[in-house]
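In: Just to be clear, the model below is a prediction. Sequence and coordinates:
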Amino acid sequence: MDLRSELLKSIWYAFTALDVEESGKVSKSQLKVLSHNLCTVLSIPHDPVALEDHFREDDDGPVSTQGYMPYLNKYILDKVKEGSFVKENVDELCWTLTAKKNYRPEKNGSFHLPDKDPFRLWCLFNFLSEDKYPLIMVPEEVEYLLKKICTAMSTELNCVELEDCISQDAVQQSGLTVWVFLEMMSSGKLTRGTDRESLSMAIEKVYREIVGEVLKEGYLWKKGQIRRNWTERWFKLRPSTLAYYVSEDCKECKGSIALDHNCCVELLPEKDGKRCMFCLKTLTRTYEMSASDTKQRKEWTSTIQTAIRLQAEGKSSLHVDLKLRRREQREQREKRRLAREEELQKLQALQGEKEEKLAELELLREAQRQAEALLEQDEQRRRQQREQLQQALEVQLREAEEARASMQAEMVLKEAEAERQRKRIQELEEMQQRLEEALHLEIKARQDEEAFRYAQARLLVEEEERMKALMALQEEQEDLILKTQREKQELRQEMESKSRALDEAQQQLEEVRANRHRVDQDVVAAQRKLRQASTNVKHWNVQMNRLMHPIRPGERKPSLGGSFSSGHGPSRRDSGLRLRQRSEDNHEAKENVGSSGGEAERRLSQANDRDMDIP
């Protein structure tokens, strides 16, 4: 079902709500307000001049649905872009308009739907209704929706009350309207024994699942990519994405995983103290997750695989696909029912023809029996007539001479009687011929019956061949499943080998770290020795300076311009320069101690040699 069809269902309710007189027409002023509000919620610019130009020929009269539909398609629906507006806002606008006129729960006296539940049920009804107007929902879809709501409440559906509601003639012929459905839900008969809060939560859950296309949501533990720690996140699965949030209020989204035909789901063994683990693999990354129990893991993995299958098949909504499948099944059942009825009618017609032919045959047999009785009667008459003739002949023979003239007259009469007898015999032969034709017709009817039986046997053979083909397809599917399982087993073995290689690399890394730690300890020891050596060097330098320049009693500091200063100046400068260079060498040795211990010792020995060269 495309976006245009979904929007038209809601707008149809808004248009019919404005039709107060139920004449199928709405005034232009009301259509202006409706069009402006639709443009606002659909985030498209509104052009009031276009409405006036479009309905200029109608003057100030009302506009019917057929007259408003071209304007709606051209100036509003053709400009709609998917994702630029919130579908729920459009539904709320249309629900507000239609609920004021049609939904009055107070007349039932037992209002059972609080808050936004009637609006959510109205949206669910529009989603599951048939794509023809006026909108109705067939009883099978009503039962499906009520079972979903009862499953969300963990209760059983009251099938007796549902059958009573569906058994009405108006419902069976056309289906339920949304107002009959809401009245049925408001009465509380179908949800007897449940509180309002549970019912409201169940309706909201089914609404998010079917209309909001949320296939599953709940808490899962997720392993991070960088820090590799486990964090509990609220996951929400849709046909194209798997998003995860900080909490179930879904205010702060931490990430989203795009699903396509390249994704796959695999079960993982227990690791890092986590059980019931599984992973979702994409082309760029593998996401590791953990469920609370085995049942939740099975539900999550199967639902994610369903979403991946939908993406691979190019389908955008699971429940749209399920709705189309249920509709196809209903159409197939209806076709099979019609075919069975047609076959029964044909069989009844054949049975009627057979009974008619049997009745005709029975009539022919009865006629044959009557003809045989008539023949026997004629034979008896002929015998009696022959006896009478014989007696008359005897009398005539005795009176031949006396009644020759009368005998000749009697002979003429006998010949006429014989002629009538011959005609009677001819009629009997014709009757026998008709009886033989009736027998031929009966034989032909039996042959037709055998031909029908042969056709029925051929149909049974064709059905058996189709069953064999179906079994062959099922065996091929099982082979493909076994092949997929073997490929998964090979991938699992490869992952185990890679994990063993990773463990070995980690062990080598630990050894390198241990060696590095020992080297760092050696460097620290060398630095400590270097500091001690530097201290000793400074101490001996001070002692040597004292020995080289002893302070004598009464000695003055020579002036800069005296001969003593000029005579001993160079040696003191050499001494100061050597001391300064020695301190610089010690400082450089401290700086390079981290790079090489042998180099530090070598420079320290050179500094000591220079100290020994001081005069």
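Out: Structure received.
In: remind me which residues of this structure are low pLDDT?
Out: Applying pLDDT under 70 to the chain flags the ranges 1, 55-66, 105-112, 114-115, 158, 160-162, 164-174, 189-193, 403, 550-615.
In: now the strands for the stretch 151-300 of the chain?
Out: 216-223, 230-237, 241-245, 253-258, 264-268, 277-281, 286-290 (DSSP state E, counting those that start in this stretch).
In: for these, which one sits closest to residue 470?
Out: Closest approach to residue 470 among the strands of the stretch 151-300 of the chain (CB to CB): strand 264-268, 28.7 Å. Quick note: C-beta positions are derived from backbone N, CA and C, even for glycine.
In: which ones are touching the residue positioned nearest the centre of the chain?
Out: The residue lying closest to the centre of the chain (CA atoms, centre = their mean) is residue 318, at 2.6 Å. Residues in contact with residue 318 (CB atoms under 8 Å, 6 or more residues apart in numbering) are 213, 215, 239, 306-307, 310.
In: Generate JSON lines for the residues you listed, with neighbour count as supplementary columns.
Out: Formatted as JSON lines, the contacts of residue 318 follow (neighbours: other CB atoms under 10 Å):
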{"residue": "213", "neighbour count": "17"}
{"residue": "215", "neighbour count": "21"}
{"residue": "239", "neighbour count": "21"}
{"residue": "306", "neighbour count": "15"}
{"residue": "307", "neighbour count": "24"}
{"residue": "310", "neighbour count": "20"}
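In: wait, which of these is closest to residue 89?
Out: The shortest approach to residue 89 among the contacts of residue 318 belongs to residue 213, at 16.7 Å (CB to CB).
In: and the closest one, backbone torsions?
Out: As for residue 213, its main-chain torsions (degrees, to the nearest 10) stand at phi 60, psi 40.
In: The residue nearest to the centre of the chain and residue 345: what is the separation?
Out: Applying CB to CB, to the nearest Å, the value for residue 318 to residue 345 is 41 Å.
In: How about residue 333?
Out: 19 Å.
In: next one: residue 215
Out: Residue 215 sits 46 Å away from residue 345, going by CB to CB.
In: what residues are up against the residue nearest to residue 223 when sequence neighbours are not counted?
Out: Nearest residue to residue 223 in three dimensions, chain neighbours excluded: residue 288, at 4.1 Å (CB to CB, 6 or more residues apart in numbering). Residue 288 sits next to 222-223, 268, 277-279 when contact means CB under 8 Å, 6+ apart.
In: who does residue 288 bridge with?
Out: Counting by DSSP bridges, residue 288 forms beta bridges with residue 279.
In: Residue 435 reaches residue 366, doesn't it?
Out: No: if you go by CB atoms under 8 Å, residue 435 and residue 366 don't touch, sitting 11.0 Å apart.
In: Compare these two (neighbour count), which wins?
Out: More neighbours surround residue 435 than the other of residue 435 and residue 366, with 14 against 10 (other CB atoms under 10 Å).
In: show me where the stretch 151-300 of the chain has helices.
Out: Secondary structure of the stretch 151-300 of the chain by DSSP state H, counting those that start in this stretch: the helices cover 159-166, 169-174, 178-187, 196-210, 294-312.
In: Comparing those, which stretch has the densest surroundings?
Out: With neighbours defined as mean count of other CB atoms under 10 Å, the helices of the stretch 151-300 of the chain peak in mean count at helix 178-187, which reaches a mean of 20.
In: Show me what it is packed against.
Out: helix 117-128 (3 or more CB pairs under 8 Å, 6 or more residues apart in numbering; DSSP states H and E).
In: what angle separates the helix it packs on from helix 178-187?
Out: Counting by axes from the mean of the first three to the mean of the last three CA atoms, to 10 degrees, helix 117-128 lies at 140 degrees to helix 178-187.
In: from the chain's centre, how far out does helix 117-128 sit?
Out: Taking CA atoms, centre = their mean, to the nearest Å, one finds helix 117-128 lying 19 Å from the centre of the chain it belongs to.
In: now what about that helix, what contacts it?
Out: The contact list for helix 117-128 (CB under 8 Å, 6+ apart) reads 1, 6, 9-10, 13, 91-92, 95, 99, 103, 105, 113, 135, 137, 141, 144-145, 178, 181-182, 185-186, 199-200, 203-204, 206-207, 210-211, 319, 323.
In: Could you do stretch 417-424 as well?
Out: Around stretch 417-424, the neighbours that count as contacts under CB under 8 Å, 6+ apart are 378, 382, 385.
In: which one's the longest helix in this structure?
Out: helix 404-548 (DSSP state H).
In: can you give me how far it is from the chain middle?
Out: With CA atoms, centre = their mean, you get 20 Å for helix 404-548.
In: relative to strand 264-268, how tilted is that helix?
Out: 70 degrees.
In: Helix 404-548 to strand 277-281, inter-axis angle?
Out: Orientation check (the same axes, to 10 degrees): helix 404-548 against strand 277-281 gives 90 degrees.
In: And the contacts of residue 318, which two are furthest apart?
Out: 213 and 306 (12.3 Å).
In: one step back: which among the contacts of residue 288 gets closest to residue 354?
Out: Ranked by distance to residue 354 (CB to CB), the contacts of residue 288 are led by residue 278 at 66.1 Å.
In: Measure how buried the closest one is and give me the count.
Out: 19.
In: Secondary structure class of residue 391, three-state.
Out: Recorded secondary structure, residue 391: helix (DSSP: H, G, I helix; E, B strand; the rest coil).
In: before we move on, the earlier item: can you list the contacts of residue 318 in TSV and add distance to residue 232?
Out: Output for those, formatted as TSV (distance: CB to CB, whole Å):
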residue	distance to residue 232
213	24
215	20
239	25
306	24
307	22
310	27
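In: Just give me the closest of these to residue 474.
Out: Of all the contacts of residue 318, residue 474 sits closest to residue 306, with 21.1 Å by CB to CB.
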